[in-house]
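In: With the sequence up front, the predicted model follows.
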Amino acid sequence: MSEQANKQELTGFRKYMKEQNIEFSFNRIFIQGLGGMAHGLFASLLIGTILGTIGQFTPGAVGTFLAEVSAYTKEIQGAAMAMAIAYAMKADPYVLYSLATVGLVANKLGAAGGPLAVYFVSLIAILAGKLVSKRTPIDLIITPTVTICVGVLVANLIAPPIGSFAVWLGTIIMWATNQQPFLMGILVSVIVGIILTLPISSAAICAGLGLVGLAGGAAVAGCCAQMVGFAVCSYRENKLNGLASIGLGTSMLLVPNLLKKPILWIPPTLTAAITGPIATCLFSLRMNGAPISSGMGTSGIVGPIGVVTGWLNPSEAAVKMGEVALTPGAMDWIGMILICFVLPAILSWVISEFMRKKGWIEFGDYKLV
């Protein structure tokens, strides 16, 4: 085959992939995919967990109803994750609808590591569905059939080992944190916190690894340090609007600023390195709610809510790690408030003000675009 023919074939392949909206890029696969997975988890398991906790303190029919809703969200979380991934990756309608079955199966076969299994299985099923979508006169039959059959087949092949690997890795991290709470408190807090601010879903990663217990507490510390820290550091530039959108929304809003001037990352990251071991060593802060809460920080106050939820009603992942419900004492509440709100605000402000006086941070560096 001539070189010209090769070029024509390559051009034809690229054209087909573009027509089917198939893109193999970091943004599409990791940023959009993991982001979608986190949204699906949030709209199912996480909301259900919060409603179930409220139901525990609500008497009568309302409490029973909320408990019932919570149970339904746990059953449907796999389908919600898979469909959210498909939506985020701009899948056609028949592909998106078909992912409900695929996600349900992948989550079930992945067991405790179900979220990570759902992610990888969904990627393959979405690719298969997109390859055939709108290419035949009977798209209504072909696209769902291909998407579901490929997805379920792949789920049977890879979901169990992916789930086992996720559980193993998460268990190793949690075991290491229990053995070396100071060192791992720093590492987990800093790494998960940085991932939270990057356009990658720390919530999805924590959910996939089933990160709870002391390691979950360190992750909460790191995420809160990034969100509250950046909100306070940037208050001069962004005032109350930035305080709310960054502190209660997402620190990802500052990614353009960080790319231009990476030194801006120092205050909240150094804060995470301080609050992480304080959480693990001094307060033994354990996040035993839904694992997704470990990677949410103060976004919607999900991180602190997860801590409180875990005290009262540990998640299935936490129970499997031997965690039990407890009645929080004064030190538990003080530790949670200090780690999630007070220390990130004070430490980040002190560090950023020092850097401003040194001229390393200038007015406008944190200005939201």
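Out: Thanks, I have it.
In: Any chance you could list what contacts the host helix or strand of I274?
Out: Element membership of I274 [criterion: DSSP states H and E] is helix 266-277. Contact with helix 266-277 is made by 181-183, 185-190, 193-194, 197, 218, 221-222, 224-226, 228-230, 233, 251, 339, 343-344, 347-349, 351-352, 355, as judged by Cβ atoms under 8 Å, 6 or more residues apart in numbering. Yep, even glycine has a C-beta here, placed from its N, CA and C like the rest.
In: Of those residues, select the buried ones using a PyMOL command.
Out: A single PyMOL command is used to select the members of the contacts of helix 266-277 judged buried by 16 or more other Cβ atoms under 10 Å:
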select buried, resi 181+185+186+187+188+189+190+193+194+197+218+221+222+224+225+226+228+229+230+233+251+339+343+344+347+348+349+351+352+355
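In: Just the ones of the contacts of helix 266-277 in helices?
Out: If you go by DSSP state H, these have 181-183, 185-190, 193-194, 197, 218, 221-222, 224-226, 228-230, 233, 343-344, 347-349, 351-352, 355 in helices.
In: Helices along the stretch 101-250 of the chain, start to end?
Out: 114-132, 139-179, 181-197, 202-209, 213-233, 235-244 (DSSP state H, counting those that start in this stretch).
In: winner for burial among the ones you listed?
Out: Here the criterion is mean neighbour count by mean count of other Cβ atoms under 10 Å, and of the helices of the stretch 101-250 of the chain the winner is helix 213-233, at a mean of 33.
In: In PDB, could you pull the C-alpha coordinates for that helix?
Out: These are the backbone C-alpha positions of helix 213-233, laid out as PDB (Å, rounded to 0.1, in the frame of the first residue of the first chain):
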ATOM      1  CA  GLY A 213     -11.300   5.700  58.600                       C
ATOM      2  CA  LEU A 214      -8.200   7.600  59.500                       C
ATOM      3  CA  ALA A 215      -7.100   7.900  55.900                       C
ATOM      4  CA  GLY A 216     -10.500   9.300  55.000                       C
ATOM      5  CA  GLY A 217     -10.000  11.900  57.800                       C
ATOM      6  CA  ALA A 218      -6.700  12.900  56.300                       C
ATOM      7  CA  ALA A 219      -8.200  13.200  52.900                       C
ATOM      8  CA  VAL A 220     -11.000  15.500  54.300                       C
ATOM      9  CA  ALA A 221      -8.300  17.600  56.000                       C
ATOM     10  CA  GLY A 222      -6.400  18.000  52.700                       C
ATOM     11  CA  CYS A 223      -9.600  18.900  50.700                       C
ATOM     12  CA  CYS A 224     -10.800  21.400  53.200                       C
ATOM     13  CA  ALA A 225      -7.300  23.000  53.400                       C
ATOM     14  CA  GLN A 226      -7.400  23.500  49.600                       C
ATOM     15  CA  MET A 227     -11.000  24.900  49.400                       C
ATOM     16  CA  VAL A 228     -11.100  27.000  52.600                       C
ATOM     17  CA  GLY A 229      -7.400  28.000  52.100                       C
ATOM     18  CA  PHE A 230      -7.900  29.300  48.600                       C
ATOM     19  CA  ALA A 231     -11.100  31.000  49.600                       C
ATOM     20  CA  VAL A 232      -9.300  32.900  52.300                       C
ATOM     21  CA  CYS A 233      -6.100  33.600  50.400                       C
END
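In: Quick one: list the elements packing against that helix.
Out: helix 139-179, helix 181-197, helix 202-209, helix 235-244, helix 266-277, helix 302-312, helix 343-357 (3 or more Cβ pairs under 8 Å, 6 or more residues apart in numbering; DSSP states H and E).
In: where in this structure is pLDDT low?
Out: By pLDDT under 70, the weakly predicted segments of the chain are 1-11.
In: same thing but 50
Out: Scanning the chain for pLDDT under 50 picks out 1-3, 7.
In: so who does the residue nearest to the spatial centre of it touch?
Out: Taking Cα atoms, centre = their mean, the centroid of the chain lies closest to A203, which sits 1.4 Å from it. Residues near A203 by Cβ under 8 Å, 6+ apart: A38, L41, F42, L196, I292, S293, S294, G295, M296.
In: okay if I get those as TSV plus distance to T147 and secondary structure?
Out: Formatted as TSV, the contacts of A203 follow (distance: Cβ to Cβ, whole Å; DSSP: H, G, I helix; E, B strand; the rest coil):
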residue	distance to T147	secondary structure
A38	22	helix
L41	21	helix
F42	24	helix
L196	32	helix
I292	26	helix
S293	31	helix
S294	31	helix
G295	29	helix
M296	30	coil
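In: Who wins on neighbours among the residues you listed?
Out: Counting neighbours by other Cβ atoms under 10 Å, S294 leads the contacts of A203 with 37 neighbours.
In: now that one: how far from A221?
Out: Going from S294 to A221 by Cβ to Cβ, to the nearest Å gives 10 Å.
In: Equivalent analysis for F65, please.
Out: For F65, the distance to A221 equals 35 Å [Cβ to Cβ].
In: Kindly report the same for V302.
Out: 14 Å.
In: Could you tell me how many residues sit around W360?
Out: 14.
In: Start the count at 821 instead of 1 going forward.
Out: I'll keep to 821 as the first residue from here, and by that count the last item is W1180.
In: My read is that it contacts I1083, right?
Out: Yes. Taking contacts as Cβ atoms under 8 Å, W1180 lies within contact range of I1083: 5.8 Å.
In: Could I get the contacting residues of the residue nearest to F850 when sequence neighbours are not counted?
Out: Distances taken as Cβ to Cβ, 6 or more residues apart in numbering place I1020 nearest to F850, at 5.9 Å, with adjacent residues excluded. Going by Cβ under 8 Å, 6+ apart, I1020 touches F850, I851, L854.
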